[in-house]
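Participant: fold the following for me, if possible:
(chains A, B, C and D)
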Protein chains: 2
Amino acid sequence: MKPSTSTQDYLKTIYELTENGSPASTNDLARELNIKPASVTGMIQKLAGEKPALLEYQKHQGVTLTSAGKKAALEVIRHHRLLETWLVQTLGYSWDEVHEEAERLEHVISEDFERRIAAALGHPLRDPHGELIPTADLKMPLDDSTPLSALRKDQTGKILSIKGADANLLRHLEELGLTPNTPIEVISYSPFDHNLTVKVNKKTHVLGLNITSKIFIEET
Amino acid sequence: MKPSTSTQDYLKTIYELTENGSPASTNDLARELNIKPASVTGMIQKLAGEKPALLEYQKHQGVTLTSAGKKAALEVIRHHRLLETWLVQTLGYSWDEVHEEAERLEHVISEDFERRIAAALGHPLRDPHGELIPTADLKMPLDDSTPLSALRKDQTGKILSIKGADANLLRHLEELGLTPNTPIEVISYSPFDHNLTVKVNKKTHVLGLNITSKIFIEET
DNA sequence: TCTAAAATTTAGTCTTGCCTAAATTATTTT
DNA sequence: AAAATAATTTAGGCAAGACTAAATTTTAGA
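Facilitator: Numbers count the residues shown, from 1 in each chain, chains lettered A, B, ... in the order given. Alright, predicted model coming up:
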């Protein structure tokens, strides 16, 4: 059986929350899904007890995905990122407008649709935010990029992706010229306040780690 | 409140079933929606009793849409037909493959998305099946076409639309060359068995009324 | 017109997925 | 280590929307 929209949202969110290696907590899931913690408990208990279990769960220990769950999550994430790419390229959506639309479409498109847009786009590796797109056989490609915050004086690179920003921040970053594919150069770095001074599109900006830690680059 | 997917399906189906002027029966709705009649009764009772009533209903008398219901129905139908057009034009879907995909997408796209594809397609009047697309202000344009079955010997026309055929029949018609925009010429007509002999793409076919009555043309 | 068949409605259930309130278990603080 | 706080789970409910079985109404045929 195809997972419900709701199940897909849980799996996708658990995937993202467990990318750091540790299990996802009930509370974090509740926050990300805009759902009450008690509801999350009920749902994960159900999902952990299905025929092919989608996730691993022990009381008070948080959840992780089984390989079946991971596949299902990557399927949704692939849909989402292909859709964002597609909407930007063919309908002129801007970088920060596509998320919501893709969030709804990702649950209803067919595998055929997925194949068609992937082919039409030339099987892209990253979406407009710079995020890696899971492959057709549902594996997440390795990320060879570096966080911007790891760059030091005089290093240069090209922005690959900007993660975990909300629509407002995305718009702000776009105004600064901080969008994927932009070349960047580090002017200075302060180890005390963790401020990074960078040159982007000939303009200089000072960035706090709270922003820079979300930006990934490819060194050049 | 935006109508649920289920409500949208009811409204769309009622719209189609009442295009002939008479109310839609519980049984017909159940058949079209693949739902048991008892469930339909429950649902239409609910919809008839909402704040702005979406439909008019009296026991055993069938249902018709209120103007609010009609608007909501046309919204869904507009989505559906724009989506079909868009999928065919930009992703190379064939004429008979698009229906299912549009059936799911129609419920989740935003008004912004609707505007974008309408503009990208140049605000088309008809979808790939030849059906009229409701306008942006949710009115159904007048249909100036004629049923193929009204054509008589030596008349010619251009196929505009093919209605109410399932996927198998659509494929069959496509094989015969009977697709929208195809010029057509009547060779003969038999008033006895209602068989119509037509020439399409230089080939001659005999059509029974059960087929021809679903095909609409524009006389030339 | 009376009756049998067909259509419709009522009544009562079920599943999904969410909620609140209260109870329990973990984690911190002192 | 006990107490306070935070996180999690349990229990009980609710709304949507579908189903089955049984009752009722309409329609049609003899």
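Participant: state the next helix or strand along the chain beyond the lowest-mean-pLDDT helix or strand in chain A.
Facilitator: Taking mean pLDDT, DSSP states H and E as the measure, helix A:209-212 is the helix or strand of chain A with the lowest mean score, a mean of 64. Downstream of helix A:209-212, the first helix or strand assigned by DSSP states H and E is strand A:215-219.
Participant: low-confidence ranges, chain A, go.
Facilitator: Across chain A, the ranges flagged by pLDDT under 70 are A:146, A:148-155, A:164-166, A:189-194, A:208-214, A:219-220.
Participant: give me the domain ranges for it.
Facilitator: Residue ranges for each domain of chain A read A:5-65, A:146-219, as given by automatic domain parsing.
Participant: who does the longest helix seen in chain A touch, helix- and strand-wise?
Facilitator: When chain A is scanned for its longest helix (criterion: DSSP state H), the result is helix A:67-91. Judged by 3 or more C-beta pairs under 8 Å, 6 or more residues apart in numbering or on different chains; DSSP states H and E, helix A:67-91 is in contact with helix A:5-17, helix A:98-105, helix A:111-120, helix B:111-120. All C-beta atoms are positioned from the backbone trio N, CA, C, and that covers glycine.
Participant: would you tell me which of those helices gets closest to DNA strand D?
Facilitator: Closest to DNA strand D of the helices and strands packed on helix A:67-91 is helix A:5-17 (C-beta to the nearest atom of the strand; 11.1 Å).
Participant: in the closest one, what's buried?
Facilitator: Within helix A:5-17, the residues scored as buried using 16 or more other C-beta atoms under 10 Å in any protein chain shown are A:7-17.
Participant: now, among these, which is nearest to residue A:163?
Facilitator: Comparing those against residue A:163 with C-beta to C-beta places residue A:16 closest, at 9.6 Å.
Participant: dihedrals phi and psi, the closest residue to the closest one other than its chain neighbours?
Facilitator: On the basis of C-beta to C-beta, 6 or more residues apart in numbering or on different chains, the spatially nearest residue to residue A:16 that is not a chain neighbour turns out to be residue A:32, at 7.7 Å. Its backbone dihedrals place residue A:32 at phi -60, psi -30, with angles given as degrees, to the nearest 10.
Participant: hmm, residue A:32 is touching residue A:17, no?
Facilitator: Yes. In this structure, residue A:32 is within contact of residue A:17 by C-beta atoms under 8 Å, at 6.8 Å.
Participant: which parts of chain A sit against DNA strand C?
Facilitator: Residues of chain A lying near DNA strand C by C-beta under 7 Å from any atom of the strand: A:4-7, A:9, A:33-36, A:38-39, A:42-43, A:46, A:59-60.
Participant: show the buried residues in those residues.
Facilitator: Buried residues within the residues of chain A next to DNA strand C, defined by neighbour count using 16+ other C-beta under 10 Å: A:7, A:9, A:33, A:35, A:43.
Participant: surely the first one touches residue A:47?
Facilitator: Right, the one you point to is residue A:7. Yes. Because the distance of 6.5 Å satisfies C-beta under 8 Å, residue A:7 is recorded as touching residue A:47.
Participant: return every residue with contacts to both of these two.
Facilitator: Taking C-beta atoms under 8 Å, 6 or more residues apart in numbering or on different chains as the contact criterion, the common neighbours of residue A:7 and residue A:47 are residue A:54.
Participant: most widely separated two among the buried ones among the residues of chain A next to DNA strand C?
Facilitator: By the measure C-beta to C-beta, A:7 and A:35 form the most distant pair in these, at 12.8 Å.
Participant: export stretch A:38-53 to CSV, keeping only CA atoms.
Facilitator: What follows is stretch A:38-53, C-alpha atoms only, in CSV (Å, rounded to 0.1, in the frame of the first residue of the first chain):
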residue,chain,number,x,y,z
ALA,A,38,0.7,13.2,21.9
SER,A,39,-0.5,12.8,18.3
VAL,A,40,3.0,12.0,17.2
THR,A,41,3.3,9.2,19.7
GLY,A,42,0.2,7.6,18.4
MET,A,43,1.3,7.8,14.8
ILE,A,44,4.8,6.5,15.3
GLN,A,45,3.4,3.6,17.3
LYS,A,46,1.2,2.7,14.4
LEU,A,47,3.9,3.1,11.8
ALA,A,48,6.4,1.0,13.8
GLY,A,49,3.9,-1.8,14.0
GLU,A,50,3.0,-2.2,10.3
LYS,A,51,3.6,-5.3,8.2
PRO,A,52,6.8,-4.0,6.7
ALA,A,53,7.8,-1.7,9.6
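Participant: does DNA strand D have contacts with that stretch?
Facilitator: Yes. Between stretch A:38-53 and DNA strand D, judged by C-beta under 7 Å from any atom of the strand, the touching residues are A:38, A:40-42, A:44-45.
Participant: gap between that stretch and the chain center?
Facilitator: For stretch A:38-53, the separation from the chain centroid amounts to 24 Å (computed by C-alpha atoms, centre = their mean, to the nearest Å).
Participant: ok, residues contacting it?
Facilitator: Taking contacts as C-beta under 8 Å, 6+ apart, the residues outside stretch A:38-53 that touch it are A:6-7, A:10, A:26, A:29-30, A:33, A:54-57, A:63, A:66, A:68-69.
Participant: drop anything exposed from those.
Facilitator: The neighbour count (16+ other C-beta under 10 Å) marks A:7, A:10, A:26, A:29-30, A:33, A:54-55, A:57, A:63, A:66, A:69 as buried among those.
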